[in-house]
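please find the sequence and the predicted model below.
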Amino acid sequence: MSNHNDLSLNNEDNAKNMTENTDMNSSQNMAEANDVAQDNVKKNNARLNDSKLTVDKLNVAGLEEETLENQALENDTLENDLTIEEFFSPNNSKPIVDDFRAGYVAIVGRPNVGKSTLMNHLLGQKLSITSRKPQTTRHRIHGILSNDEMQAVFVDTPGIHRKEVRAINERMNKAAISALVDVDLVLFVVDSDQWRDDDLLTLQKLSDTNLTVVLVINKADTLKDKGSMLPLIETFNESFDFADIVPVSALKNQNLDRLQEVIASHLPIADPIYDSEQITDRSERFLASEIIREKIMRSAGDEVPYDLTVQIDGFKDEAAHTDPKTGRRRKACTFIDATIYVERSGQKAIVIGDKGQRIKQVGMDARKDMEQLFDKKIMLTLWVKVKRGWSDDERALTSLGY
């Protein structure tokens, strides 16, 4: 019986021990689970922190990249703006000095005193046509002289003369006198040998203005006795209050540097009017017609009077290209078609010449000058036509550009 009771007690103890062991195991398992959970939380937090750090780094890198792109875009925009501003800014090749001077200078005088020759040599380039015949220049022509200290826009004018026989003479006088409007300085050009009536007429026109006038005594090299110029200078001084008197030889480039200094001293302080590389405001069409007219006047001598003019009918630039027919490369070229108008059929025969030799030579000489002036290949075609009375016809003069 006691054994049985002992057994019962043992069973209860075993059950109790099993329960206690189970509780202990559960506690241990819970603790271990908690530890694992805490480890997982720590690992997850670490991963989150790492992810957050990575995202922050990516955001910073993205912002930096975006900032660099914006800066590059701003730099490109600024560079483009500066390029555009530089392109449209006049005289952008060199900085302008503080006391830079610029203005318009009219060159006036009677016919055949060398006004056009003077302008051409001041410019260092032939722009206005010349010949020994008076009244060669019929239009106002602007020539632009630029250097580091000044820019002078010369206005070469037709010679002022008394005899207005035809409408063209009247228009030439008007062109010369109207050139005095809004100029800053006048160069009054005279011959070194004598004073003539047309010189007095020009001086009378200048007396009606308040313009600054410089007397330019041209062809001083033709005087054997330079002292003989002094009485002429005294005569000029008595007739007008000149700002300066400068003797020169336009043809031989004598004393032109001194004349440029005098011109600069009388121009106002101002910014350049034109780009420093520009030499004229006249079109290539106009210059081409003037070159052709000069070659005729030089070639025909006294045979052809002034009853001729030149009209440009076609002026076409052709870019360099490959000829589709021959496959050969063709250079860039300008094709010019011009008509020479005279008033009588006898003049037409003179201009054409024997077997067309004169008009052929005129074309060759004109083309050579054009290629030098325009710096490109020229193909020139000339025609000669009779247009009776054009020089005394107001409508014809207007249509021909007078």
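It's in. For clarity, every value in this text was computed on a predicted model and none was experimentally measured.

contacts and neighbour counts: CA atoms only from here.
Will do.

could you verify my assumption that residue 328 touches residue 320?
No: using Cα atoms under 8 Å as the test, residue 328 is too far from residue 320 to be in contact (10.8 Å).

pull out the buried residues from stretch 343-356.
Buried residues in stretch 343-356, counted by 16 or more other Cα atoms under 10 Å: 343, 347-348, 350-352.

same thing with stretch 191-211?
Buried-residue list, stretch 191-211, by 16+ other Cα under 10 Å: 191-192, 198-199, 201-203, 206, 211.

just curious, which of those is nearest to residue 222?
residue 192 (7.9 Å; Cα to Cα).

show me the contacts for the closest one.
Residue 192 makes contacts with 217-220, 222-223, 229, 232, as judged by Cα atoms under 8 Å, 6 or more residues apart in numbering.

pull out the buried residues from the residues you listed.
Buried, going by 16+ other Cα under 10 Å: 217-220, 229, 232, out of the contacts of residue 192.

what bridges to residue 155?
residue 106, residue 142 (DSSP bridges).

can you read off the pLDDT for it?
On pLDDT, residue 155 comes in at 84.

could you check how far it is from residue 103?
Separation of residue 155 from residue 103 (Cα to Cα, to the nearest Å): 11 Å.

quick one, which of those two is more surrounded?
The neighbour comparison of residue 155 against residue 103 (other Cα atoms under 10 Å) goes to residue 155, with 26 against 23.

what lies in contact with whichever strand or helix holds residue 383?
Take DSSP states H and E as the rule and residue 383 turns out to sit in strand 377-386. With Cα under 8 Å, 6+ apart as the test, strand 377-386 has contacts from 332-345, 348, 351-352, 359, 363, 367, 370-371.

give me the phi and psi angles of residue 181.
phi -80, psi 130 (degrees, to the nearest 10).

do you know the pLDDT at it?
pLDDT at residue 181 comes out at 74.

and the one 10 residues further on, by the same measure?
For residue 191, the model assigns a pLDDT of 87.

show me what contacts it?
With Cα under 8 Å, 6+ apart, residue 191 has these contacts: 113, 217-220.

for those residues, which one is nearest residue 387?
residue 113 (30.5 Å).

surely that closest one forms part of a helix?
No: secondary structure of residue 113 (DSSP: H, G, I helix; E, B strand; the rest coil): coil, not part of a helix.

does it touch residue 194 like I think?
No: the pair residue 113 / residue 194 is not scored as a contact, 10.9 Å apart, by Cα under 8 Å.

quick one: low-confidence ranges for the stretch 51-200 of the chain?
Under the criterion pLDDT under 70, the flagged ranges of the stretch 51-200 of the chain are 51-95, 128-140, 158-179.

now with 90, please.
Along the stretch 51-200 of the chain, the model assigns pLDDT under 90 to residues 51-99, 106-117, 120, 123-143, 155-183, 191-200.

picking up where we left off before, which of the contacts of residue 192 fall in strands?
217-218 (DSSP state E).

show the buried residues in the contacts of strand 377-386.
333-334, 336, 338-343, 348, 351-352, 359, 363, 367, 370.

state the pair within those that is farthest apart.
Longest span within those, Cα to Cα: 333 and 343, 32.5 Å.

between whichever strand or helix holds residue 295 and strand 377-386, how many degrees?
According to DSSP H and E, residue 295 maps onto helix 284-300. Taking axes from the mean of the first three to the mean of the last three Cα atoms, to 10 degrees, one finds helix 284-300 and strand 377-386 inclined to each other by 60 degrees.

tell me the helices and strands packed up against the helix or strand following helix 284-300.
Per DSSP H and E, the first helix or strand lying C-terminal to helix 284-300 is strand 308-318. Judged by 3 or more Cα pairs under 8 Å, 6 or more residues apart in numbering; DSSP states H and E, the packing partners of strand 308-318 are helix 284-300, strand 333-342.

TSV for the ones you listed, including mean pLDDT and distance to residue 278?
TSV is the format used below for the helices and strands packed on strand 308-318 (pLDDT from 0 to 100; distance: least, Cα to Cα, whole Å):
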stretch	mean pLDDT	distance to residue 278
helix 284-300	86	13
strand 333-342	93	20
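
turn these into a markdown table, including distance to residue 377.
Shown next, in a markdown table, are these (distance: least, Cα to Cα, whole Å):
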| stretch | distance to residue 377 |
| --- | --- |
| helix 284-300 | 13 |
| strand 333-342 | 5 |
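
of the ones you listed, which is nearest residue 241?
With distances scored as Cα to Cα, the stretch of those nearest to residue 241 is helix 284-300 (35.6 Å).

which one of the buried ones among the contacts of strand 377-386 sits closest to residue 262?
Nearest to residue 262 among those, with distances taken as Cα to Cα, is residue 370, at 32.3 Å.

buried residues, stretch 254-271. List them.
So, applying 16+ other Cα under 10 Å, buried residues of stretch 254-271: 254, 256, 259, 262-264, 266-269, 271.

output those residues as JSON lines; include the columns secondary structure, distance to residue 315 and pLDDT.
Formatted as JSON lines, these follow (DSSP: H, G, I helix; E, B strand; the rest coil; distance: Cα to Cα, whole Å; pLDDT from 0 to 100):
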{"residue": "254", "secondary structure": "strand", "distance to residue 315": "38", "pLDDT": "92"}
{"residue": "256", "secondary structure": "helix", "distance to residue 315": "36", "pLDDT": "95"}
{"residue": "259", "secondary structure": "helix", "distance to residue 315": "37", "pLDDT": "96"}
{"residue": "262", "secondary structure": "helix", "distance to residue 315": "40", "pLDDT": "96"}
{"residue": "263", "secondary structure": "helix", "distance to residue 315": "37", "pLDDT": "96"}
{"residue": "264", "secondary structure": "helix", "distance to residue 315": "37", "pLDDT": "95"}
{"residue": "266", "secondary structure": "helix", "distance to residue 315": "40", "pLDDT": "96"}
{"residue": "267", "secondary structure": "coil", "distance to residue 315": "37", "pLDDT": "96"}
{"residue": "268", "secondary structure": "coil", "distance to residue 315": "38", "pLDDT": "94"}
{"residue": "269", "secondary structure": "strand", "distance to residue 315": "39", "pLDDT": "95"}
{"residue": "271", "secondary structure": "coil", "distance to residue 315": "34", "pLDDT": "93"}
